[in-house]
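Engineer: Pasted the sequence and its predicted model underneath.
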Amino acid sequence: MEKKEFNLYDVVEMKKPHPCGTNRWQIIRMGMDIRIKCVGCNHSVMLPRREFTRKVRKILERHEE
């Protein structure tokens, strides 16, 4: 299994879409837990890092610092 590298403010695609119809999420907080925000409706969800890495499908956009 490949190790996915993601950083703060990256936009990722999750396995299941959000009820608003969008499947794009932006990482807004990283630590032991990761907070992601729906790009479509701005709803935010906090997930444990282990669960997040299991549910993320791919990284759509990388944030440039």
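Structural biologist: Perfect, thanks for sending it. Numbering: from 1, shown residues only.

Engineer: Pull out the buried residues from stretch 17-28.
Structural biologist: Using 16 or more other Cβ atoms under 10 Å as the test for burial, stretch 17-28 gives H18, N23, R24, W25, Q26, I27. The way it works is simple: take the backbone N, C-alpha and C, and place the C-beta from them, glycine included.

Engineer: Go through those and flag which are in strands.
Structural biologist: R24, W25, Q26, I27 (DSSP state E).

Engineer: JSON lines please, covering these and showing distance to R62.
Structural biologist: As requested, those are exported to JSON lines (distance: Cβ to Cβ, whole Å):
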{"residue": "R24", "distance to R62": "14"}
{"residue": "W25", "distance to R62": "14"}
{"residue": "Q26", "distance to R62": "12"}
{"residue": "I27", "distance to R62": "11"}
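
Engineer: Now do the same contact list for R62.
Structural biologist: N7, D10 (Cβ atoms under 8 Å, 6 or more residues apart in numbering).

Engineer: ok, now with 10 Å
Structural biologist: Contact partners of R62, counting by Cβ atoms under 10 Å, 6 or more residues apart in numbering, are E5, F6, N7, Y9, D10, V11.

Engineer: Find me the pLDDT at it, would you?
Structural biologist: Reported pLDDT at R62 in the predicted model: 88.
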